[in-house]
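Peer 1: A structural model of the following input is requested.
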Amino acid sequence: MENLVRVALALLLVGCLADMPYGYFRAVRFLGTAGFVYLAFQEKARNNDEMFWFWVVSAVIINPIVKISLGRVLWNIVDVIWAAILVWPLLNRRQ
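Peer 2: I've put the predicted structure just below:
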(Lines give C-alpha, C1' and ligand atoms only; values in the text may rest on other atoms or scores of the structure.)
Protein backbone atom coordinates (compact mmCIF):
# COMPACT_ATOMS: atom_id res chain seq x y z
CA MET A 1 0.00 0.00 0.00
CA GLU A 2 2.82 2.39 0.86
CA ASN A 3 4.39 1.93 -2.58
CA LEU A 4 1.07 2.72 -4.23
CA VAL A 5 0.73 5.91 -2.18
CA ARG A 6 4.29 6.93 -3.08
CA VAL A 7 3.78 6.38 -6.82
CA ALA A 8 0.35 8.03 -6.86
CA LEU A 9 1.63 11.10 -5.01
CA ALA A 10 4.68 11.35 -7.24
CA LEU A 11 2.50 11.22 -10.36
CA LEU A 12 0.10 13.82 -8.96
CA LEU A 13 2.99 16.13 -8.08
CA VAL A 14 4.64 15.76 -11.48
CA GLY A 15 1.23 16.49 -13.01
CA CYS A 16 1.40 19.90 -11.32
CA LEU A 17 4.13 20.84 -13.80
CA ALA A 18 1.56 20.83 -16.60
CA ASP A 19 -0.97 23.54 -17.30
CA MET A 20 -3.82 22.06 -15.26
CA PRO A 21 -7.12 23.57 -14.13
CA TYR A 22 -7.20 25.04 -10.63
CA GLY A 23 -9.35 22.15 -9.40
CA TYR A 24 -6.46 19.76 -10.06
CA PHE A 25 -4.19 21.72 -7.72
CA ARG A 26 -6.90 21.77 -5.04
CA ALA A 27 -7.26 18.00 -5.35
CA VAL A 28 -3.47 17.60 -5.10
CA ARG A 29 -3.52 19.60 -1.86
CA PHE A 30 -6.15 17.30 -0.31
CA LEU A 31 -4.65 14.07 -1.61
CA GLY A 32 -1.11 15.23 -0.86
CA THR A 33 -1.95 16.05 2.73
CA ALA A 34 -3.62 12.67 3.21
CA GLY A 35 -0.75 10.83 1.52
CA PHE A 36 1.96 12.63 3.49
CA VAL A 37 0.12 11.98 6.78
CA TYR A 38 -0.13 8.29 5.83
CA LEU A 39 3.60 8.17 5.07
CA ALA A 40 4.34 9.94 8.37
CA PHE A 41 2.45 7.23 10.26
CA GLN A 42 4.36 4.53 8.37
CA GLU A 43 7.69 6.12 9.30
CA LYS A 44 6.62 6.54 12.93
CA ALA A 45 5.84 2.81 13.05
CA ARG A 46 9.40 2.17 11.83
CA ASN A 47 10.82 4.60 14.42
CA ASN A 48 12.29 6.71 11.62
CA ASP A 49 11.94 10.13 13.26
CA GLU A 50 13.71 12.08 10.51
CA MET A 51 11.36 10.96 7.74
CA PHE A 52 8.37 11.13 10.09
CA TRP A 53 9.00 14.84 10.61
CA PHE A 54 9.77 15.38 6.93
CA TRP A 55 6.36 13.99 5.96
CA VAL A 56 4.60 15.94 8.73
CA VAL A 57 6.17 19.19 7.52
CA SER A 58 5.29 18.25 3.94
CA ALA A 59 1.65 17.71 4.96
CA VAL A 60 1.60 21.12 6.64
CA ILE A 61 3.12 22.83 3.60
CA ILE A 62 0.68 21.31 1.11
CA ASN A 63 -2.46 21.41 3.30
CA PRO A 64 -5.62 22.84 1.68
CA ILE A 65 -6.79 24.77 4.76
CA VAL A 66 -3.97 27.28 5.37
CA LYS A 67 -2.45 27.72 1.93
CA ILE A 68 1.18 28.66 1.59
CA SER A 69 1.79 30.80 -1.47
CA LEU A 70 5.18 30.01 -2.97
CA GLY A 71 4.59 31.06 -6.57
CA ARG A 72 4.40 28.77 -9.57
CA VAL A 73 8.15 28.33 -10.14
CA LEU A 74 8.98 27.54 -6.53
CA TRP A 75 6.00 25.17 -6.24
CA ASN A 76 7.23 23.34 -9.36
CA ILE A 77 10.67 22.92 -7.78
CA VAL A 78 9.12 21.64 -4.53
CA ASP A 79 6.89 19.25 -6.49
CA VAL A 80 9.86 17.75 -8.34
CA ILE A 81 11.85 17.38 -5.10
CA TRP A 82 8.91 15.68 -3.37
CA ALA A 83 8.38 13.36 -6.35
CA ALA A 84 12.06 12.39 -6.33
CA ILE A 85 12.05 11.73 -2.58
CA LEU A 86 8.87 9.66 -2.95
CA VAL A 87 10.19 7.35 -5.68
CA TRP A 88 13.85 7.16 -4.62
CA PRO A 89 13.30 4.31 -2.12
CA LEU A 90 11.41 2.36 -4.79
CA LEU A 91 14.21 2.75 -7.34
CA ASN A 92 17.02 2.22 -4.86
CA ARG A 93 15.93 -1.18 -3.52
CA ARG A 94 18.48 -3.92 -3.67
CA GLN A 95 17.05 -7.24 -4.76
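Peer 1: look at the residue nearest to residue 16 when sequence neighbours are not counted and say how many residues are nearby.
Peer 2: Nearest non-adjacent residue to residue 16, counting by C-beta to C-beta, 6 or more residues apart in numbering: residue 79, 4.7 Å away. Heads up, the C-betas are built off the backbone N, CA and C, glycines and all. Residues lying near residue 79 (other C-beta atoms under 10 Å) number 20.
Peer 1: with the one 3 residues further on instead?
Peer 2: Around residue 82 there are 22 other residues, counting by other C-beta under 10 Å.
Peer 1: go ahead and measure how far stretch 75-84 is from the middle of the chain.
Peer 2: 8 Å (C-alpha atoms, centre = their mean, to the nearest Å).
Peer 1: for it, buried residues please.
Peer 2: 75, 78, 79, 82, 83 (16 or more other C-beta atoms under 10 Å).
Peer 1: just the pLDDT for the first one.
Peer 2: Among the per-residue scores, residue 75 holds a pLDDT of 96.
Peer 1: now it: which helix or strand?
Peer 2: According to DSSP states H and E, residue 75 maps onto helix 72-91.
Peer 1: just list the residues touching residue 76, thanks.
Peer 2: Contacts of residue 76 were listed using C-beta atoms under 8 Å, 6 or more residues apart in numbering, and they are 16, 17.
Peer 1: 6 Å instead?
Peer 2: residue 17 (C-beta atoms under 6 Å, 6 or more residues apart in numbering).
Peer 1: ok so, going back, closest to residue 11 among the buried residues of stretch 75-84?
Peer 2: Nearest to residue 11 among the buried residues of stretch 75-84 is residue 83, at 8.0 Å by C-beta to C-beta.
Peer 1: what about the longest helix in this protein?
Peer 2: Of all the segments assigned as helix in the chain under DSSP state H, the longest by residue count is helix 22-45.
Peer 1: what average pLDDT does that helix get?
Peer 2: On average, helix 22-45 scores 97.
Peer 1: tell me what it is packed against?
Peer 2: helix 2-15, helix 49-62 (3 or more C-beta pairs under 6 Å, 6 or more residues apart in numbering; DSSP states H and E).
Peer 1: out of those, which gets nearest to residue 36?
Peer 2: helix 49-62 (3.8 Å).
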